[in-house]
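Undergrad: sequence and predicted model, in that order:
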Amino acid sequence: MVFKRSNGIAIHWTKGEDCLFGHMVREDLRNALIKQGHVIKLRDHFKGSEIGLDYETTTSLMRAKHGRVRTAAKNEIADEARQFEDEDWARSDRHKLDQHERSLLRLITTGAAPCGHYMWRAKFARYPACAYCGECPDDEPRHIWKCSASKECRKDILKDYSEEYIDNLPNVVAICGWALDDGRLNKHFQKLAFEEEVETRPPQIDSEDEISVDSDGFIKVAGDGACPQGQNDYRMRRAGCGLSYGKKHSHNTSWALGGRSQNAQRAELRTMVRWAAWSWAKQVYLTDSSFAMRGAQRLLNGERFKPKSHKDLWRRMVLAIDAKGAENLRVEKIKAHQKKGAIKNETLTEKRKENQTKERTRLW
């Protein structure tokens, strides 16, 4: 079944990724309510939102600033952590907002942040003037763009924007800080193929190809999938896959992930599916993805589970296992992003720990 969105993008309901499909439905319903004017009727601050909302970009600031807050006491603890070379802890709580600051940010994004003039009328402030510059009445939400107290800060942040451009910003952008939807992203997303491509034939094996075999006689094959822009808008994500059979092996390959569902998990699974389809003799697949490894092991053990996502690729994996034989395929998990010599160093560390344990046992 094909589902056509309000922006003209078509996706598969049954073949696509379930979570991505649900995300698109929620996004369309949200934009439909905004375009009907329900949001604009609440406040004039939301004028301009009928263009459509980029929800992920708008809420990313709130998510990024949520967490522990830097206080004087925590600064001292962080300094002590640095002395013990615990930089990860020292950096983990930087640039976070406390509960009051997060509440103020939430008021701004909802268009409910009160200006100084309103606070004066409600008798919460002594003067109607701006609390920062004190020069003019703070009687409009756009005052922050003209306040002399933040003039130096605006020079650096807004150096690429003219005053005319800022004055013409819609209220929902200038006051609430909403990010409006960019139609160019939809065009960029539509360039992707409608669905995943059919599996290609494996290249001919060369007699000079070098392979690596484990102790059980299984040929070692390593694969990986990645999506460097995984945190970006789903329309901007692009993932890739790669297989390695050995140095200068004829089967070594890399390719861009097809289809409109672009993420690291799908890229890992797509790489494993090609390995299973291309396999010959007995082979073991080495992956750093627990998601792909666990699912493949369940299938190799004869289980038939119902995946919540990437159903089309899991179906391909089942067909490949049935064709090649479960006894000829194995999937193992390895550590990710290991540097040269990491396996050797890891072995030495384990031997060192074992010797230390023996020494303690001898002393006792």
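TA: Right, received. Where do you want to start? Numbers count the residues shown, from 1 in each chain.
Undergrad: nearest residue to the middle of this structure?
TA: Centroid check for the chain by CA atoms, centre = their mean gives Q231 as the closest residue, at 2.6 Å.
Undergrad: if I look at that residue, how far off is A122?
TA: Noted for Q231: a distance of 41 Å to A122, by CB to CB, to the nearest Å. Bear in mind the C-beta positions are built from the backbone N, C-alpha and C, glycine included.
Undergrad: coming back round to it: show the pLDDT at the residue nearest to the centre of the chain.
TA: pLDDT recorded at Q231 is 72.
Undergrad: repeat for K333
TA: At K333, the model reports a pLDDT of 90.
Undergrad: I'd like to know which elements the top strand by length along the chain is packed against.
TA: When the chain is parsed with DSSP state E, its longest strand is strand 219-226. Applying 3 or more CB pairs under 8 Å, 6 or more residues apart in numbering; DSSP states H and E, we find strand 219-226 packed against strand 240-244, helix 264-278, strand 283-287.
Undergrad: can you count the residues close to Y118?
TA: For Y118, the count of nearby residues is 15 (other CB atoms under 10 Å).
Undergrad: helix, strand, or coil at it?
TA: Y118 carries the three-state label helix when classified by DSSP: H, G, I helix; E, B strand; the rest coil.
Undergrad: ok, it to H143 distance?
TA: To H143, Y118 is 12 Å away according to CB to CB.
Undergrad: likewise for Y245?
TA: Y245 sits at a distance of 65 Å from H143 (criterion: CB to CB).
Undergrad: those two: which has the busier surroundings?
TA: Remark: of Y245 and H143, Y245 carries more neighbours, 23 against 17, as counted by other CB under 10 Å.
Undergrad: need phi/psi at that one.
TA: Per-residue torsions, Y245: phi -100, psi -10 (degrees, to the nearest 10).
Undergrad: what of D216?
TA: Residue torsions, per degrees, to the nearest 10, at D216 are phi -90, psi 0.
Undergrad: list the contacts of it.
TA: Going by CB atoms under 8 Å, 6 or more residues apart in numbering, D216 touches K282.
Undergrad: go on, the one 10 residues further on?
TA: The neighbourhood of A226, defined by CB under 8 Å, 6+ apart, consists of 239-240, 264, 267.
Undergrad: deepest-packed of the helices and strands packed on strand 219-226, please.
TA: Counting by mean count of other CB atoms under 10 Å, helix 264-278 has the highest mean neighbour count of the helices and strands packed on strand 219-226, with a mean of 24.
Undergrad: for it, packing partners?
TA: Helix 264-278 sits against strand 219-226, strand 240-244, strand 283-287, helix 290-300, helix 311-324, with contacts defined as 3+ CB pairs under 8 Å, 6+ apart.
Undergrad: mind putting the ones you listed into TSV with distance to C153 and mean pLDDT?
TA: Shown next, in TSV, are the helices and strands packed on helix 264-278 (distance: least, CB to CB, whole Å; pLDDT from 0 to 100):
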stretch	distance to C153	mean pLDDT
strand 219-226	38	92
strand 240-244	40	92
strand 283-287	48	93
helix 290-300	44	91
helix 311-324	49	90
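Undergrad: tell me which of those sits nearest to N186.
TA: strand 240-244 (22.6 Å; CB to CB).
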